[in-house]
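**Q** I need the structure of the sequence given here:
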Amino acid sequence: MINFDWTSRRAFLLYGGVLVVILLFVFAYLTFIAPMNAKLETVQKQLEMEKKLLSAVEKKQPEEINPDIQSSRGLQQRVPVAPLSDQLLLSFERAEVLSDTTILTMTFGDETLDPENLSVIELEAEGEQEQQGQQSIEDGETGSNDETENIDPAQPEDKSSLPQGINRIKVNMSVRTSSYENMHAFISTLENNERILKVDNISFSGKHELDEMSEDDKKELLFTIQISAFYVTGLDELKDELPYVQYPEGADKENPFYQEEENEEKNDQQ
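**A** Okay, here's the model as predicted:
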C-alpha cells in the first residue's frame with residue numbers, strides 16, 4: 001500500500017508539474033509573445049505603406065524638376081512668346097462662325113510697348129484717345145439718317161508698370177452682321193478667348209429709317225472693331241513650349257478658286 005501510494009503521488013506530482021509548466025507557457029505567450037507578434041505585424045504593414053508612399057513620391061519627382069517650364073505652357077496660352085498671328089486668325093474665324101457675322105476687311109499692326117513711358121492704365125486709355133466720343137445721331141438737318149456710336153471700355157484702376165519685352169498686335173476689322181445680338185456675340189467670343197484679347201474700341205453705323213431702307217439694308221449692320229493681342233519677346237528658350245494648334249489639311253488644289261464655267265464645260269463634254 002505504501003509503495004502504491006508513493007507511486008501514485010509521484011505520478012500526480014509529475015502530471016501536475018507538467019500542467020503548471022504548460023499553463024505558465026500559455027500565460028507567457030498570451031501576455032508577452034502574442035502582443036509582440038501583433039505589434040510586429042502592425043509595424044510591418046506600416047513599413048509597407050511607407051515604402052509605397054516613397055515609391056509614389058519618387059515617381060512624381062521627375063515631373064516636378066522643371067515647374068517653371070510646365071507653368072509656361074499654361075501662361076503661353078494667354079500671352080505667348082511669339083506673335084502667332086495665324087492662331088489669331090483662327091480665333092477670329094471661330095468668332096465669325098459662332099456669331100453668324102462676316103469679316104469684310106482686316107489689317108494688322110505690330111508695336112513694342114515701352115514700360116518706362118507706358119503704364120497699364122495708359123495702355124487701356126490709348127484706345128479711347130483714338131476713338132473718343134459719345135453716341136452721335138445725325139438729324140434731318142444734315143440730310144443723313146445714319147447713326148454712329150463709339151463704345152469704349154472703361155479704364156481700369158491698375159496703374160502698375162508693364163514688364164519688359166511686351167509687344168502688341170493691333171487688329172482693325174470691318175465686320176458685317178444682321179443684328180446687334182450677333183455683334184455682341186462676336187465681341188463676347190473674342191473676349192472669352194483663351195488668349196488675352198483686348199477690345200480697344202468699337203464703332204458701328206445704325207440702320208436707316210424704315211421707310212427709306214431697302215430690304216438688303218434692313219438686314220445689314222456694319223461695325224469696325226480694334227482688337228489688341230500681346231506677346232513677349234526675348235524668351236526664345238521657351239519657344240518649344242508655344243501653344244500647338246492642329247490646322248486642317250489642305251485640299252490639294254492646283255487652283256484655289258472655284259471655276260464653275262470650266263466644270264460646266266467638262267460636264268457638257270462628258
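**Q** How about the contacts made by the nearest residue to Leu88 once chain neighbours are set aside?
**A** Excluding its sequence neighbours, the residue lying closest to Leu88 (CB to CB, 6 or more residues apart in numbering) is Ala229, at 5.8 Å. No exception for glycine: its C-beta is placed from N, CA and C like everyone else's. Ala229 makes contact with 88, 168-169, 171, 195-198 under the criterion CB atoms under 8 Å, 6 or more residues apart in numbering.
**Q** in the protein, which spans are helices?
**A** 2-28, 34-60, 67-78, 85-99, 120-130, 180-191, 215-218, 260-269 (DSSP state H).
**Q** Can you measure across stretch 56-76, start residue to end residue?
**A** 30 Å (CA to CA, to the nearest Å).
**Q** Repeat that for stretch 81-88.
**A** For stretch 81-88, the end-to-end distance is 14 Å (CA to CA).
**Q** Please state the mean pLDDT value computed over it.
**A** On average, the pLDDT along stretch 81-88 is 86.
**Q** now do stretch 255-267
**A** The average of the pLDDT scores along stretch 255-267 is 58.
**Q** returning to what we had before: between the helices of the chain, which gets the lowest average pLDDT?
**A** Taking the mean pLDDT of the helices of the chain, helix 120-130 comes last: a mean of 49.
**Q** Correct me if wrong: Leu242 contacts Pro80.
**A** Yes - judged on CB atoms under 8 Å, Leu242 makes contact with Pro80 at a distance of 5.7 Å.
**Q** if we can go back for a sec, return the subset of the contacts of Ala229 lying in strands.
**A** 168-169, 171, 197-198 (DSSP state E).
**Q** how close does the nearest residue to Val171 once chain neighbours are set aside sit to Met106?
**A** Closest residue to Val171 apart from its sequence neighbours, by CB to CB, 6+ apart: Ile227 at 4.6 Å. Per CB to CB, to the nearest Å, Ile227 is found 10 Å from Met106.
**Q** Neighbour count for those two, which is higher?
**A** Ile227 (25 against 14; other CB atoms under 10 Å).
**Q** ok, what's across the strand from the residue nearest to Leu113 when sequence neighbours are not counted?
**A** Once flanking residues are discounted, Leu113 sits nearest to Ile166: 4.8 Å by CB to CB, 6+ apart. Beta-bridge partners for Ile166, by DSSP bridges, are Val232.
**Q** For Ile166, give me the pLDDT.
**A** Reading off the model, Ile166 has pLDDT 85.
**Q** Kindly report the same for Gly109.
**A** Gly109 is assigned a predicted lDDT (pLDDT) of 91.
**Q** ok, how many other residues are close to it?
**A** Gly109 - counted by other CB under 10 Å - has 11 other residues nearby.
**Q** Excluding covalently adjacent residues, which one is nearest to it?
**A** That would be Lys170: by CB to CB, 6+ apart, it lies 4.1 Å from Gly109.
**Q** Correct me if wrong: that neighbour contacts Asn201.
**A** No - contact criterion CB under 8 Å: Lys170 and Asn201 do not qualify, at 10.9 Å.
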